[in-house]
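> Sequence and predicted structure below; questions after.
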Amino acid sequence: MYKIILKQKLAPKIHLLKIKEPILAKKSQPGQFVVLKIDEEGERIPLNIADWDENEGSIDVVFFEKGATTLKLALLNEGDSIVSLAGPLGLPTQIEKFGHVVCIAAGVAAGFIIPIAKAMKQKGNKVTSLIWQKNKKMVFWENRLAGASDRLIIATEDGSYGQKGPAPMILKKMLENGDTIDRINVMGPGPMLKACSDITSPYGIKTIVSLHSIMIDGIGMCGSCRVSVGGKTKFACVDGPDFDGHQVDWKLFSARNNIYKNEEKIAVEQHFS
Amino acid sequence: MEKINLNRVPMPKQKPKTRIKNFDEVALGYNSQQSKNEADRCIQCPNPTCIEGCPVEINIPGFIKAIKDDDMPEALKILKEKNSLPGICGRVCPQEVQCEEKCVFSKKGAPIAIGRLERYVADWEQEHLKSSGQSFIKLKPTGKRVAVVGAGPAGLTVSADLAKLGHQVTIFEALHTPGGVLTYGIPNFRLPKNIVNSEIDYVKSLGVQIELDSVVGKKMTIDELLDNNFQAVFLGVGAGLPMFLNIPGENLNGVYSANEFLTRANLMKAYKFPDYYTPIKIGKRIAVIGGGNVAMDSARTAIRLGSDEVSIVYRRSEVEMPARQEEIENAKEEGIKFRFLTNPKKFLGDEKYWLKGMECNKMKLGKPDKSGRRRPITISDSEFIMHVDIAVVALGTTPNPLIAASDKDLEFTKKGTIIADEKTGKTTKPGVWAGGDIASGSATVISAMGAGQRAAKSIHDYLMSSD
Ligand SMILES: Cc1cc2nc3c(=O)[nH]c(=O)nc-3n(C[C@H](O)[C@H](O)[C@H](O)COP(=O)(O)OP(=O)(O)OC[C@H]3O[C@@H](n4cnc5c(N)ncnc54)[C@H](O)[C@@H]3O)c2cc1C
Ligand SMILES: Cc1cc2nc3c(=O)[nH]c(=O)nc-3n(C[C@H](O)[C@H](O)[C@H](O)COP(=O)(O)OP(=O)(O)OC[C@H]3O[C@@H](n4cnc5c(N)ncnc54)[C@H](O)[C@@H]3O)c2cc1C
Ligand code: SF4
Ligand code: SF4
Ligand code: FES
């Protein structure tokens, strides 16, 4: 059993859980994830490791209430425990001195892109974080993001805070204005990963996307998470989750992420209505 | 000499119509009279050839005699001398090519039903004795610590044997449940999970600790285990990487690996969705590609999940199928269709990337290949389309490269298996042993257990000769 030692609501439908796990606290690296399961009936779901604290022996996850499992996770409180937590899984994000690195995140990903921005900055890169949210209410951890980057751009879909407009458009403007960018790391929904990759492709800027495909074991045993990159089949849980965005078969990725659309509805109806 | 009786006592089973609607065990097991009748057929050969066929050399006539004599504790004792998981082996060992094949009655087509009798004794223990951990005299604690990676049959066996010798054993298992393939792969209707769990409880009752959610190579490395006061490490991580056909369309929605299909159904209990949260796609018409036990298990799971039509698609003919005869019969009784000499060439999808069908070739058999089976050859211009909405690729598995990627000292074969001495399980890295599917490639439960036993002996010698 793994105990929840802190729970916080960060924005509508977005929560932080701090979970006791001393070994993970020591071992986690930017870009890695855990697979957790709430209880006997629960599903195994992957969540990025948003932060870790060796002294406290804990890791943080931030998640968005999407379907049955994340809705149930949101009902847990400090002092509750979950039955399974495995990690740190996946290959760590490649952190090197590239020059100017832009970290782009939308929605809940604003929470878990921070370790990457921080590590990039520590390596001596100039880091710009570009965060995109629906509206002002959804903006969270602005200070943390600012601390992790040299420059923070916040954008909202409705313009209620920061700049207006989708992140890919802002990225496009940056490039058109002659900003030199040496590397881009993008986390968030598939369509945004694709849009950013499409924009950088003519510029030849390496664009690393974190692919959230559907997973079970997270250790390469089922093939549920397979994606096609550069014409080759890869398992996102062990070969990724980071991949070169210019090589990803996006149509396939988006189709595979919708396999259980109907079942998602059934599960929510069964447990939450 | 006694009269020879060639009437094998048949196994009572759930009726096909009933059993395809549940996940309960199909074979119900002998009752006491049936087990006696079967045991009475054994003529207690002075040179029992059956023992040669058993990878762990159980004293087969010995335990059968005890059944005859109505001395069940004795029968159990004899079994457990060599096999700490008889309830599992009695059910899933391929007896027809092991112990039973070597029985003197085998040539007459009626070998003693050794597996069924073994199961009977194990089930008797379930009913009459709770945990028999106490019945073993544990030796004085040696103060030596062993880390076992993987809680499948190899890992559980090596752990039980070492614990009985007084060593302190901790198992590190990647998943949230122990048992390996016994838990996530082989379905409940063939191997009930309460049997697996009670065997695991038995191992725990010997003092073995099991650390779940512990992916070695990620959460800790082999070197860290060795530095961390473990004097020896045993790797029993199995061969869990699913093989695909590598043909177009294989990543379409609706194409599963058997590992994924069975893991969703068994480990995650998707057959109880939505009470259990893990979903699975059922499909009206489903094709399972392959001819081994894994294919039979997938097909029989699919029919129980409610698919209208389940077909096994196999590129050779029935005689070459590697699955156990008994399971092929069971599958046929359950209404599963067999398409022999058929090989998928391409998966076909709709515009939304959902599987719609498979383009297949007809095959014919040529000369025997390395495996001794006749090689399938594609018949040209024989393409035809099978309409299916789910396909399960059950071709087998190869070793998961995760351990390989995390340790630079271990040596591997081209196939990805760890190089380990067959007699001792010793790898090329000092202090590290390996056994089961990770060393042999996909094999059987009993061979993984045999490897565990041999490694336990070797590890014990090593621990006692060093300080
Ligand atoms: C490596 C990785 C890291 C992730 N990190 C985070 C994170 O830090 N915070 C966060 O909020 N979300 C994260 N996700 C997505 C998260 O796993 C899904 O939101 C979650 O599984 C949804 O489960 P559900 O039952 O609530 O939703 P449902 O929509 O009901 O899910 C139904 C099924 O689809 C799967 N699924 C649905 N959406 C996704 C998705 N986007 N990615 C993967 N599987 C999905 C579920 O596991 C389940 O099998 C991550 C995904 C991956 C692969
Ligand atoms: C569907 C199916 C049906 C089968 N039917 C039969 C049958 O009827 N009869 C028969 O004799 N055999 C059968 N087999 C084969 C048999 O199950 C295997 O040969 C046997 O389980 C191998 O045992 P093992 O201990 O080597 O590995 P496994 O049973 O594979 O166990 C390995 C364990 O190690 C864990 N692990 C993997 N990597 C790591 C890591 N990095 N860190 C920690 N833990 C890790 C895994 O999660 C797993 O629990 C079947 C196999 C399948 C898949
Ligand atoms: S362990 Fe397997 S091979 Fe050995 S006697 Fe039992 S059923 Fe036969
Ligand atoms: S060979 Fe057959 S008949 Fe002879 S002892 Fe073994 S089981 Fe009995
Ligand atoms: S999640 Fe099973 S192989 Fe990646």
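Done, it's in. Residues are numbered from 1 along each chain as shown, chains lettered A, B, ... in the order given. Ligands and ions are numbered 1, 2, ... in the order given.

> Tell me who's in contact with the residue in the stretch 51-200 of chain A positioned nearest to ligand 1.
When scored by C-beta to the nearest ligand atom, the stretch 51-200 of chain A has A:Gly67 as its residue closest to ligand 1, at 1.9 Å. Yep, even glycine has a C-beta here, placed from its N, CA and C like the rest. By C-beta atoms under 8 Å, 6 or more residues apart in numbering or on different chains, the contact set of A:Gly67 is A:Glu264, A:Ala267, A:Val268.

> Name the SS class of the residue in the stretch 151-273 of chain A that ligand 4 sits nearest to, please.
Proximity of the stretch 151-273 of chain A to ligand 4 (C-beta to the nearest ligand atom) peaks at A:Met221, 38.0 Å away. Under DSSP: H, G, I helix; E, B strand; the rest coil, A:Met221 falls in the coil class.

> pLDDT value on the residue in the stretch 101-250 of chain A that ligand 3 sits nearest to, please?
For the stretch 101-250 of chain A, the residue closest to ligand 3 is A:Met221, as judged by C-beta to the nearest ligand atom, at 26.0 Å. At A:Met221, the model reports a pLDDT of 95.

> residues contacting the residue nearest to the residue of the stretch 151-273 of chain A closest to ligand 4 when sequence neighbours are not counted?
In space, and not counting its chain neighbours, A:Met221 is closest to B:Gly240: 4.1 Å by C-beta to C-beta, 6 or more residues apart in numbering or on different chains. When contacts are counted by C-beta under 8 Å, 6+ apart, B:Gly240 is found next to A:Ile219, A:Gly220, A:Met221, B:Asn259, B:Thr397, B:Pro399, B:Asn400.

> B:Ile403 versus B:Gly240, what's the distance?
11 Å (C-beta to C-beta, to the nearest Å).

> Please list only the buried members of the contacts of B:Gly240.
Neighbour-count burial (16 or more other C-beta atoms under 10 Å in any protein chain shown) applied to the contacts of B:Gly240 gives A:Ile219, A:Gly220, A:Met221, B:Asn259, B:Thr397, B:Pro399, B:Asn400.

> Near ligand 2, list only the ones from these.
Filtering the buried ones among the contacts of B:Gly240 for proximity to ligand 2 by C-beta under 6 Å from any ligand atom leaves B:Asn400.

> CSV for the buried ones among the contacts of B:Gly240, including distance to B:Gln95?
Shown next, in CSV, are these (distance: C-beta to C-beta, whole Å):
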residue, distance to B:Gln95
A:Ile219, 33
A:Gly220, 33
A:Met221, 28
B:Asn259, 25
B:Thr397, 23
B:Pro399, 27
B:Asn400, 29
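
> low-scoring pLDDT stretches of the stretch 101-250 of chain B, where are they?
Within the stretch 101-250 of chain B, the stretches with pLDDT under 70 are B:130-138.

> For the residue in it that ligand 1 sits nearest to, give me its contacts.
Taking C-beta to the nearest ligand atom, ligand 1 has its nearest neighbour within the stretch 101-250 of chain B at B:Lys218, 13.4 Å off. Taking C-beta under 8 Å, 6+ apart, we find B:Lys218 in contact with A:Lys27, A:Gly87, A:Pro88, A:Leu89, A:Ile219, B:Leu402, B:Ser406.

> Then the second one would be within a strand, right?
Yes. Assignment of A:Gly87 by three-state DSSP places it within a strand.
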